[in-house]
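[1] quick one: sequence plus predicted model below, questions after.
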Amino acid sequence: MKKTMLSMVAALAASAAFSAVNDMMITFSTPGPDTYADGKAVMDGERYALCWSKDFSQFKINPDGTATGGEVVLVAPKASGGRCPTMVFEVNADYYDRKGFKDGKWAVYLLDTRRFTTDADGKLVVTLAGNSKTVNTSGMVGGAVSVKSGSPVDLSGIAAAATTAAGDVAAPRITGIRVHDGNVYVTVKGAPYLAYGLTAGDTPAKVDTAVGDATADATGEEEVTIVTPVKAGGEFFKVERR
């Protein structure tokens, strides 16, 4: 029963995964703690926007989630523990070149999509909007954005070399799969300093198309989210050591 349920989730919620060697892998995160304009800590599940512009002094995000003076390339509802965890976003090489992304800069913006209501007792209730089309305010947050061609991906701020290799170290694993706005978010957790890769396939028996690679931090506890476009029909995923 459990095996059937996992297969159904993978088939319905999984993404496409063809990662050409010249596709661009954009890695971003924030150190935190991140706060809204009113000083309140960012709520878990809030949205971060990966943005591109030739001149961020002329850039702004509009209330409907679009941008002026640049482009909102990805919106990730991934705030956790007061920060944006490490994200790896695959961008098709042709699309990257066609949009002229190499001629600009990248930054991470925190969106404020909070909604304020009162309950039957008159107490304030704060929730998050279900989309990025209703933005109260937004602002650039401190963080790192790394853009590299193909894989493996060197995650900014995470140890890149595996100096230890232990046979009894816990294997990397998928901890979550979520589809949002045409992309699938596959969250994986690794083992200390070990490199791991995510692969996908049309059937459980053939999961061999590379999606993205990453390297775990010193504890192996940091979750990394790899984002790729959804493919019609879905696919199955697995994560393993490189």
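    Nice, thanks for sending it over.

[2] got the contact list for Ala107?
    51, 53, 56, 140, 145 (CB atoms under 8 Å, 6 or more residues apart in numbering). Placement of C-beta: from N, CA and C, glycine included.

[3] top of the residues you listed by neighbour count?
    Counting neighbours by other CB atoms under 10 Å, Cys51 comes out on top of those with 26 neighbours.

[4] in strands, which of the contacts of Ala107 fall?
    51, 53, 140, 145 (DSSP state E).

[5] okay but the third one is in contact with Tyr109, surely?
    Yes - the pair formed by Met140 and Tyr109 meets the contact definition of CB atoms under 8 Å, at 5.5 Å.

[6] any low-confidence regions in the protein?
    Residues of the chain that meet the criterion pLDDT under 70 lie in 1-22, 150-172, 190-221, 231-242.

[7] quick one, helices of it?
    Secondary structure of the chain, counting by DSSP state H: helices at 2-13, 93-98.

[8] now Trp106: how far from Tyr96?
    In this view, Trp106 and Tyr96 are 12 Å apart by CB to CB, to the nearest Å.

[9] what about Thr35, how many neighbours?
    Close neighbours of Thr35, defined as other CB under 10 Å, add up to 14.

[10] surely it meets Met43?
    No - assessed by CB under 8 Å, Thr35 is found out of contact with Met43, at 10.7 Å.

[11] would you list the contacts of Ala107 in a markdown table and tack on distance to Thr134?
    What follows is those, written out as a markdown table (distance: CB to CB, whole Å):
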| residue | distance to Thr134 |
| --- | --- |
| Cys51 | 18 |
| Ser53 | 22 |
| Phe56 | 23 |
| Met140 | 20 |
| Val145 | 25 |
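
[12] so Glu222 touches Lys189, yeah?
    Yes - between Glu222 and Lys189 a contact is recorded at 7.4 Å, counting by CB under 8 Å.

[13] so who does Asp34 touch?
    Taking CB under 8 Å, 6+ apart, one finds 41-42, 79, 82-84, 110, 141 in contact with Asp34.

[14] need the phi and psi values for it.
    Dihedral pair for Asp34: phi -100, psi 140, per degrees, to the nearest 10.

[15] chain neighbours aside, what residue packs nearest to it?
    Val42 (4.6 Å; CB to CB, 6 or more residues apart in numbering).

[16] run a quick neighbour tally on the closest residue to Met87 other than its chain neighbours.
    With CB to CB, 6+ apart as the criterion, Met87 has its nearest non-adjacent residue at 4.9 Å, and that residue is Thr225. Around Thr225 there are 23 other residues, counting by other CB under 10 Å.

[17] who's in contact with Thr225?
    Thr225 makes contact with 76, 78, 85-88, 185-188, according to CB under 8 Å, 6+ apart.

[18] which of those sit farthest apart?
    Greatest spatial distance among the contacts of Thr225 (CB to CB): Ala76 and Val188, at 15.2 Å.

[19] wait, doesn't Ser132 sit right on Leu110?
    No - Ser132 lies out of contact with Leu110 (CB under 8 Å); the separation is 11.8 Å.

[20] find residues that contact each of the two.
    47, 49.

[21] on that earlier part again, now render the ones in strands among the contacts of Ala107 as JSON lines, adding distance to Gly176.
    Shown next, in JSON lines, are the ones in strands among the contacts of Ala107 (distance: CB to CB, whole Å):
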{"residue": "Cys51", "distance to Gly176": "25"}
{"residue": "Ser53", "distance to Gly176": "31"}
{"residue": "Met140", "distance to Gly176": "27"}
{"residue": "Val145", "distance to Gly176": "23"}
